[in-house]
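Student: here is a sequence with its predicted model. Questions after.
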Amino acid sequence: MRIEEIDKNFVPASIGELQLHYLEVGAGPLMPGGLAWYEQDKQFCRLPQAALSSLSEGVQGLAWHTAGAQLRFKSDCLHLALQVELRGPSNMPHMPASGQSGFDLYLGSGRDKQYVKTAIPPYGADKFEQLLFSQSQAEMQEFTLNFPLYNGVKQLRLGFSPGAELCAPSPHAVKKPVLFYGSSITQGGCASRPGNAYPQLLAQQLDFQCLNLGFSGNAKGEPRMAELIAGLDLAALVLDYDHNAPTPEHLEQTHYPFYSLIRARQPQLPIIMMSMPDVDLKLEAANVRRYIIEQSYKKAVAEGDKNVYMIDGFKLFGKSYRDACTVDGVHPNDLGFQRMAECLQPCLARVLRVEA
């Protein structure tokens, strides 16, 4: 379908000498993925609007960060531009604006995707426009655009060259989404761009839709969050929140109950329990937390659960140059995230029944 047929009230504009037709994301085939409740609420929010008031203030605010959100479509456009209004300017001292507030673009389908460009807001700006892609001859290609990890999106429009065809993307190899629940690390702090956070790396490598419910400092294993997760139709769940448990006692009191609430609702859902990766500067505390998670895992297995797995966080950063895997001793950089994805991939591929 040509873009002029999708929205007859499209907005004509230009970047330099390039004439473009802008479409709101959410129109026609421009439907974002990675937001489990988007079809219901039509909001760039990671949680349902009706449930926000039942969660902590921290989670309510972070739910508007678009970690894991992704736009996929096919087009033969000669030019593609982005016009966005964010919820605020970039302001994190230990994470680049390209990861906090940027959009990174890939071309290709399935596992065969190639990085093209990152749209990065100017310093201090919460609104910007940028040309993302150009080609000399019209050729139908599949586009994947990852949303910001630590910022929210108020409005997003894409500009296409006039007369461009636009259609739905190829289906994922894994039919149902994989959900990641956890801390700031799960949310993507501090990847240099959205596609380099470990959940998004795995989503690309194994070709599934990622639902990222990482809440920086605020993933505390609340029963209400478990209820929301249990209500979704998922291919797998990665449970990775021990970093945000205020104390080992809190982790012990919440970890198994969080798992068991979801398991009661979804008896066959593959659940992967992970302990935190950044252990080198706090070995004793990390050992205590790993032991608690291991006890949850062993109890589940002893009760007959054949679809629960555990990833030892001590192994996530590998063996060599471990101190090069974070920006601050805690939050992974791109190297750290790549190693996390490599460690988790064989287990996740097995439970999803796809080739690693």
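Tutor: Good, I have the coordinates. Residues are numbered from 1 along each chain as shown.
Student: what sits against the closest residue to residue 69 other than its chain neighbours?
Tutor: The spatial neighbour of residue 69 that comes closest, neighbours along the chain excluded (C-beta to C-beta, 6 or more residues apart in numbering), is residue 147 at 3.8 Å. All C-beta spots, glycine's among them, are computed from the backbone N, C-alpha and C. By C-beta atoms under 8 Å, 6 or more residues apart in numbering, the residues touching residue 147 are 32, 34, 44, 66, 67, 68, 69, 70, 71, 103, 153, 194.
Student: quick one, domains of the protein?
Tutor: 3-45+69-167, 178-352 (automatic domain parsing).
Student: need those in TSV with distance to residue 57, can you?
Tutor: Compiled in TSV, the domains of the chain are given as follows (distance: least, C-beta to C-beta, whole Å):
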stretch	distance to residue 57
domain 3-45+69-167	15
domain 178-352	9
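Student: what's the closest of these to residue 62?
Tutor: domain 178-352 (4.7 Å; C-beta to C-beta).
Student: what mean pLDDT does the closest one have?
Tutor: Average pLDDT, domain 178-352: 97.
Student: start to end distance for that domain?
Tutor: 9 Å (C-alpha to C-alpha, to the nearest Å).
Student: and the strands in the stretch 151-300 of the chain?
Tutor: Using DSSP state E, counting those that start in this stretch, the strands found in the stretch 151-300 of the chain span residues 153-160, 166-167, 178-182, 210-214, 236-240, 271-274.
Student: now for the second one, which elements pack on it?
Tutor: Taking 3 or more C-beta pairs under 8 Å, 6 or more residues apart in numbering; DSSP states H and E as contact, the helices and strands that strand 166-167 lies on are strand 70-75.
Student: helices of the stretch 201-350 of the chain, residue ranges please.
Tutor: For the stretch 201-350 of the chain, helices defined by DSSP state H, counting those that start in this stretch occupy the ranges 223-230, 248-265, 283-302, 334-352.
Student: list the helices and strands the shortest one packs on?
Tutor: Read it as helix 223-230. Applying 3+ C-beta pairs under 8 Å, 6+ apart, we find helix 223-230 packed against strand 178-182, helix 248-265.
Student: which pLDDT value goes with the residue nearest to residue 69?
Tutor: 98.
Student: which residues touch residue 325?
Tutor: Here residue 325 is in contact with 277, 317, 318, 332, 333, 335, 336, 339 (C-beta under 8 Å, 6+ apart).
Student: that older thread, so which of the domains of the chain is the most packed in?
Tutor: Greatest average neighbour count among the domains of the chain goes to domain 178-352 (a mean of 20), per mean count of other C-beta atoms under 10 Å.
Student: my read: residue 18 touches residue 79, true?
Tutor: Yes: using C-beta atoms under 8 Å, residue 18 is in contact with residue 79, at 5.4 Å.
Student: overlap in contacts of these two?
Tutor: Shared contacts of residue 18 and residue 79, defined by C-beta under 8 Å, 6+ apart, comprise 131, 161.
Student: for residue 316, see how far away the residue nearest the centre of the chain is.
Tutor: Note on the chain: the residue nearest the mean C-alpha position is residue 68, at 2.0 Å, using C-alpha atoms, centre = their mean. For residue 68, the distance to residue 316 (C-beta to C-beta, to the nearest Å) stands at 19 Å.
Student: could you do residue 149 as well?
Tutor: Distance check for residue 149 against residue 316: by C-beta to C-beta, it reads 19 Å.
Student: just to be sure, the residue nearest to the centre of the chain is in a strand?
Tutor: No: per DSSP: H, G, I helix; E, B strand; the rest coil, residue 68 lies outside any strand segment and is coil.
Student: and the closest residue to it other than its chain neighbours, what does it touch?
Tutor: Using C-beta to C-beta, 6+ apart and skipping residues adjacent in sequence, the residue nearest residue 68 is residue 212, 2.8 Å away. Contacts for residue 212 (C-beta under 8 Å, 6+ apart) come out as 34, 46, 67, 68, 69, 180, 186, 187, 188, 197, 199, 200.
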